[in-house]
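*Asks:* when you get a sec, could you give me coordinates for this:
(one chain, ligands or ions: 1)
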Amino acid sequence: MSRTKIVAGNWKMHKNLEESLALTTEIRGLVRDEVKAKVEVILCPPAISLASMHRLLEGTSIHTGAQNCHWEDQGAFTGELAPGMVKSTGATHVIIGHSERRQYFGETDDMLANKVKSAIRHGLKVLFCVGESLQQREDKTFYKVIEKQIREGLFGLDRKEFSSVVVAYEPVWAIGTGLTASPEDAQEIHHFIRRLIADFYNPEIAENTSILYGGSVKPDNAKQLFAMGDIDGGLIGGAALKARDFIEICKAAGA
Ligand code: PEP
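*Replies:* Below is the predicted model of the structure:
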């Protein structure tokens, strides 16, 4: 299979600059050849740490990514971060559409589509998050919800642009709760997403798109999740803040 295995750590609003550098140093020291050769590792800290972390990681295979960016190139948007600014730190990736951004910051599918396009135009790869709430899982509207998020957030891209997209399926009810989708349930959704991509673009593009799972991934459940045919790695929250746990998850992705 030609797809890249990816493990990305989403540090959310944790770790100041000094703490970020300490965690990065620890992770850097633990990444061994078995991970380097098989897994793309991406660290997504708070934006203030991106540039310093990039310097610390120079000469390694570990990438950095932002957790968000605006769609405009510059302007009067106090507190925001333009995609070119993210790029200038040495970051290669940006997370867009995380459920916490959708829920707490009112980010709509429309806004997210603009962010995705702009980030890609600036040479960033996009980790695009989709996922249903507990209510949507229970009332069985989750397929519809995920399809809408994918169509509206991503399908305005042409084929070349889409090659810079990694999809992350993150059921909202599993994020930070300790609840995880079963490997079989997660696989079903990943397969569904891949089919949407195949139908809209083509089967080859779908085959080459990495689709990550996120939601309480830990060292003890990573292996079963990553063993599923359409799960190409993970977007990791809580466990990404502990170097040893994070590395165990990276190893599971490469196994
Ligand atoms: C996340 O926020 O992207 C996430 C998956 O968090 P956690 O692993 O803590 O559930």
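*Asks:* run through the residues of the stretch 51-200 of the chain sitting next to the ligand.
*Replies:* Glu170, Ile175, Gly176 (C-beta under 6 Å from any ligand atom). (Glycine included, C-beta is placed from N, CA and C.)
*Asks:* so the second one sits against Ile236, correct?
*Replies:* No. Here Ile175 does not reach Ile236: they are 10.7 Å apart, not a contact under C-beta atoms under 8 Å.
*Asks:* would you map the strands across the stretch 1-150 of the chain?
*Replies:* 5-10, 39-44, 63-66, 93-96, 125-130 (DSSP state E, counting those that start in this stretch).
*Asks:* reformat those strands as JSON lines; add mean pLDDT and mean neighbour count.
*Replies:* Formatted as JSON lines, the strands of the stretch 1-150 of the chain follow (pLDDT from 0 to 100; neighbours: other C-beta atoms under 10 Å):
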{"stretch": "strand 5-10", "mean pLDDT": "98", "mean neighbour count": "25"}
{"stretch": "strand 39-44", "mean pLDDT": "97", "mean neighbour count": "25"}
{"stretch": "strand 63-66", "mean pLDDT": "98", "mean neighbour count": "22"}
{"stretch": "strand 93-96", "mean pLDDT": "98", "mean neighbour count": "27"}
{"stretch": "strand 125-130", "mean pLDDT": "98", "mean neighbour count": "26"}
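*Asks:* backbone dihedrals for the residue lying farthest from the centre of the chain, please?
*Replies:* For the chain, the largest distance from the centre (C-alpha atoms, centre = their mean) belongs to Ala76, which lies 27.9 Å off. Main-chain dihedrals, Ala76, degrees, to the nearest 10: phi -80, psi 80.
*Asks:* now it: how far from the ligand?
*Replies:* Using C-beta to the nearest ligand atom, to the nearest Å, one obtains 30 Å as the distance from Ala76 to the ligand.
*Asks:* and that residue, what does it touch?
*Replies:* Applying C-beta atoms under 8 Å, 6 or more residues apart in numbering to Ala76 gives no contacts.
*Asks:* what pLDDT does it get?
*Replies:* Here the pLDDT value assigned to Ala76 is 98.
*Asks:* again with Leu50
*Replies:* Reported pLDDT for Leu50: 98.
*Asks:* quick check: Leu43 touching His54?
*Replies:* No. When contacts are counted by C-beta under 8 Å, Leu43 is not listed as touching His54 (9.7 Å).
*Asks:* so what sits against both of those two?
*Replies:* Thr64.
*Asks:* where does the stretch 1-150 of the chain dip in pLDDT?
*Replies:* 1 (pLDDT under 70).
*Asks:* in it, what residue lies closest to the ligand?
*Replies:* Asn10 (4.3 Å; C-beta to the nearest ligand atom).
*Asks:* give me every residue that touches that residue.
*Replies:* Cys44, Gln67, Ile95, His98, Gly214, Leu235, Ile236, Gly237, Ala240.
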